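Trainee: Predicted model and sequence follow; I will ask about them next.
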Amino acid sequence: MATMQMLVSVSVCMHFFIASADGLRKQPNIVFIMADDLGWNDVSWNNKDMPTSNLEQLAKEGVRLDQAYSQQVCTPSRAALLTGKYPFHIGRQKRALKPLQPTGLKLNLTTLPQELKKLGYNTHIVGKWHLGYCAWEYTPTRRGFDTFLGFYLGSENHFSHDRDYKTKPEDPPAFYDFRENEAVARQDYQGVYSTTVFKRRSKDIIANVAEERALNVYENYKPFFLYLSFQATHAPLQARAEMLAKIPQTGNPARDIYKAMVLDMDLAIADIVRTLKDKDLYNDTIIVFTSDNGGAISHGGSNYPLRGTKGTLFEGGTRATTVVHAPQILKQKNIVSNNLVHITDWMPTILSMAGYKGNPSKDLGLDGIDQWGAINNNENVRDEMVYNLKADPISGAIRIGPHKIIFGKRFDKQGWYDIDNTALQCEAFKKDKKQKRRSMKKESEDVRKRQEKKMKFHGKGSGKKRKNNIKEINNTEKKKRKERNNADYQSERIARKQTKNVKQIEKKGEKTKEEKKTLKMDKQKKTKSKGDNRRRSNQKKTKQKKLNKRNRLLQKEKEIYKQKRRLEKQNGQIEKKKTKRLYKLWKDWIPLPNSETQDIMRLRLDDCNWEEFVESGHSASLNLIPRSDLQIGDIVQLINPMLNPYNISAEDEDSEFDPYERSRKRKKSKNKKNLTIEEQFDILDIAMYNVVEDPSEKKDIKFDLPEIFAQLRSRAIFHLKNVVPADFPPPDLSGHPSNFQGYFSPGWCKPTYS
């Protein structure tokens, strides 16, 4: 009997150990953290202005994966993560799911938590689901998770946990979406910032594991998998005022609020790591951090200098900031890896971490590749990756080695968006160099004068009042002296005048009659001569006036002509500069933007005030917008911002700029139905880049390397022939929350199994 108990104890203990090259070790706890819409330029190791010091410390003590990729938007990324399959193989390649779409993750798909449970793990999801909820079978606790705290939809208010979805005038302003397991959860959650809620729940899960271990005689416990799916930094832009106060103010409040959201998430992660250490679980835990797609520039995110935004297949829309941290488990630390990793790889990699026997990719038919050995040894095990594919109409991107081709009929929002420098770029465009120099000279001269005046003022010292009194006394004395001198002067003047009159009278009396007659004749001659001279002079002056008037008119006309020519030349130079600068913006677009887009950009650059941009909480100049305008109590928010200078909205990014795609489908000619995939592919706009040497995707090299281009084309066509039709049905209003007591609730559609 004792022998039997010993065998049972040994078998129980062995269940929580896995074989490795180093011998036996415990199955690790796994904390997988996914940020929402975090951009490439939104972490401190890529942008020193971002407040992610704790994440950066995790990266320094672990492995940073700089060639890790997610999908282009939320739902496809989450589907790829939990199934290990490319979205185009399971019908999830198209866009993020909308609230009332009657679909979800197909039930024939095995999920990561389901496989982990077979390996003895407890599984938890905290945060965003966004993989369908219309049927209970689609919800997290029915897809392998033991517990769930979070929301079903793609976005909602970070504080009130509700979302506007009015369809009738009598509908309330918003409907609630927050659950604990399968029950609506309001108490302790409504009104609390989502990052705070998810941090607390994660810490509770860790504390419960520590408690379970403490109660076990052998200090054994079931390992846990925690999928922490943050709502931050997804729209709407909302932050705690406490966090925003720690962010240096710029002329772009949207970016400031975004940074506050990032800071809150960074501090939450630090608190969770600290809890792992306090509960003595840190050494047995692997932490993975990544993002579900690139940053959304419509709401303050940045992927600069990478190209594109969320919703595009450029590097900025798909490359994800990723870190693996496990100092006591990983063989290396402070490593920056450039090995290719795709989000589908995390399922087989995590299963391998957890002790899966065999090859999970082969056994489960996954597209993902086990990267655990590669991460530990800094080896590259993936050579090919498909960014995404759509078949109707054809579009997508694929990479082999460092080379990538991206193809489609048109590429929207494919610029390089430097969110942090918008205002400065506008100022730089608006002013020419000479004007800048003149302005700088004038500013420096004004500063110098102000300083001199200030120095002079301060140099007067404390005796200023005494000097003023002395000056006043001196002025009084001068005034009196002047009055005395004036009286003397008047007396002398009268005396001189009287003397002069006496002399004139005496002289006049001495003149004879003849002299008087001679003087009279001379005077008459002089008067006549003067009259003639005056007449001639007047005639001459009149003639000169007419001539001067004519010359002035001619000069004025000449000046007007010169001014007109100067203005034309100046306008021509400005237009030339504008065209040159605009060309720099779109020279690498494939194809060039249409005339409508070009006109919008020209108008934007003509008026750098960008009224709509300012109204959305940004600033086009260096004048700061007060944050107090955006604060209500402890909440700072910028809800429903208008279009920014890049003319991109959140709806554009979530829909992958689909409106144009739909219009193209309507205009599709009947002849194209008869074309083969190869023929359809060859009439697309295609570009090829080396994304290792040229991560900003500025140089199209498809004509430079025809053999590599042919290889990429062949693989793209192969995958296009295996694309599963997109599972993207229209909304079904029977699932409207007004039919479920104001809650977004399951139970209004039939689940599909395949």
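Mentor: Nice, I can see it. Numbering: from 1, shown residues only.
Trainee: Name the SS class of residue 58, please.
Mentor: helix (DSSP: H, G, I helix; E, B strand; the rest coil).
Trainee: Let me know the pLDDT of it.
Mentor: With respect to pLDDT, residue 58 has a value of 98.
Trainee: which residues sit in contact with residue 574?
Mentor: For residue 574, no contacting residues are found, by Cβ atoms under 8 Å, 6 or more residues apart in numbering. Every C-beta, even on glycine, is put in place using the N, C-alpha and C of the backbone.
Trainee: Now do the strands in the stretch 151-300 of the chain.
Mentor: All strands of the stretch 151-300 of the chain, identified by DSSP state E, counting those that start in this stretch, fall at 162-163, 175-176, 179-180, 183-184, 224-229, 237-240, 285-291.
Trainee: Where do the helices of the stretch 51-200 of the chain begin and end?
Mentor: Counting by DSSP state H, counting those that start in this stretch, the stretch 51-200 of the chain has helices at residues 53-60, 74-83, 112-118, 194-215.
Trainee: residue contacts, residue 190?
Mentor: Counted by Cβ under 8 Å, 6+ apart, residue 190 has contacts 160-161, 176, 178.
Trainee: repeat that for 10 Å
Mentor: By Cβ atoms under 10 Å, 6 or more residues apart in numbering, the residues touching residue 190 are 157, 159-162, 176, 178, 197.
Trainee: I'd like those as CSV, with neighbour count, distance to residue 746 and pLDDT appended.
Mentor: Formatted as CSV, the contacts of residue 190 follow (neighbours: other Cβ atoms under 10 Å; distance: Cβ to Cβ, whole Å; pLDDT from 0 to 100):
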residue, neighbour count, distance to residue 746, pLDDT
157, 20, 21, 96
159, 19, 24, 97
160, 16, 21, 97
161, 23, 17, 98
162, 21, 17, 97
176, 24, 14, 97
178, 22, 14, 98
197, 24, 21, 98
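Trainee: measure residue 191 to residue 34 for me?
Mentor: 25 Å (Cβ to Cβ, to the nearest Å).
Trainee: same question, residue 137
Mentor: From residue 137 over to residue 34 (counting by Cβ to Cβ), the distance is 23 Å.
Trainee: between these two, which one's more packed in?
Mentor: Using other Cβ atoms under 10 Å, the more surrounded residue of residue 137 and residue 34 is residue 34, with 24 against 17.
Trainee: Does that one lie in a helix or a strand, and which?
Mentor: Using DSSP states H and E, residue 34 sits in strand 29-35.
Trainee: Adjacent strands (with direction) for that strand?
Mentor: Its sheet considered, strand 29-35 pairs with strand 224-229 (parallel), strand 285-291 (parallel) by DSSP bridges.
Trainee: Of those, which is nearest residue 201?
Mentor: strand 224-229 (8.7 Å; Cβ to Cβ).
Trainee: pLDDT on the closest one, on average?
Mentor: For strand 224-229, the per-residue pLDDT averages 98.
Trainee: Provide the angle between the direction of that strand and the direction of helix 74-83.
Mentor: Between strand 224-229 and helix 74-83, the angle comes out at 170 degrees (axes from the mean of the first three to the mean of the last three Cα atoms, to 10 degrees).
Trainee: roughly how far is strand 224-229 from the heart of the chain?
Mentor: Distance of strand 224-229 from the chain centroid (Cα atoms, centre = their mean, to the nearest Å) equals 27 Å.
Trainee: Can I get it in PDB? Just the C-alpha atoms.
Mentor: Presented in PDB, the C-alpha positions along strand 224-229 are these (Å, rounded to 0.1, in the frame of the first residue of the first chain):
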ATOM      1  CA  PHE A 224      -1.000  28.400 -15.400                       C
ATOM      2  CA  PHE A 225      -1.400  30.100 -18.800                       C
ATOM      3  CA  LEU A 226      -2.500  33.800 -18.600                       C
ATOM      4  CA  TYR A 227      -3.500  35.500 -21.800                       C
ATOM      5  CA  LEU A 228      -3.500  39.200 -20.800                       C
ATOM      6  CA  SER A 229      -5.200  41.000 -23.700                       C
END
